[in-house]
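K.L.:
Only the shape, not the letters, is given here:
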């Protein structure tokens, strides 16, 4: 597999000094394809906000607190 990469690099006119350099050039020689900015953003609907009173009724809370 790597021998094919080396031959491909040599066929493109690049003469690396050693085989490791040829493998690096074959693997990292070109940048990946550009990604569109629209593909980088994920849109999803917002969730309902949390209940600030956590289900408690502050109008009736005094009865629980002060009834003994």
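P.N.:
Structure received. If you're wondering where the values come from, they're calculated on a predicted model, not measured in any experiment.
K.L.:
Spell out the residue ranges of the helices in the chain.
P.N.:
Secondary structure of the chain (DSSP state H): helices at 2-11, 19-28, 37-40, 61-66.
K.L.:
tell me the mean pLDDT for the shortest one?
P.N.:
Think helix 37-40. For helix 37-40, mean pLDDT is 89.
K.L.:
With stretch 58-68 instead?
P.N.:
The model assigns stretch 58-68 a mean pLDDT of 79.
K.L.:
Show me the residue at the heart of the protein, geometrically.
P.N.:
Most central in the chain under C-alpha atoms, centre = their mean is residue 40, positioned 8.6 Å from the mean C-alpha point.
K.L.:
which ones are touching that residue?
P.N.:
Shown in contact with residue 40 (C-beta atoms under 8 Å, 6 or more residues apart in numbering): no residues. All C-beta spots, glycine's among them, are computed from the backbone N, C-alpha and C.
K.L.:
So it versus residue 32, what's the distance?
P.N.:
14 Å (C-beta to C-beta, to the nearest Å).
K.L.:
who touches both of these two?
P.N.:
By C-beta under 8 Å, 6+ apart, residue 40 and residue 32 have no common neighbours.
K.L.:
What is the neighbour count of residue 18?
P.N.:
8 (other C-beta atoms under 10 Å).
K.L.:
ok, so what distance separates it from residue 40?
P.N.:
Remark: distance between residue 18 and residue 40 (C-beta to C-beta) = 38 Å.
K.L.:
Could you do residue 34 as well?
P.N.:
On the measure of C-beta to C-beta, residue 34 and residue 40 end up 11 Å apart.
K.L.:
Then residue 33?
P.N.:
13 Å.
K.L.:
same deal with residue 51?
P.N.:
In terms of C-beta to C-beta, residue 51 sits 34 Å off from residue 40.
K.L.:
and residue 32, how many neighbours does it have?
P.N.:
Applying other C-beta under 10 Å, we find 5 residues neighbouring residue 32.
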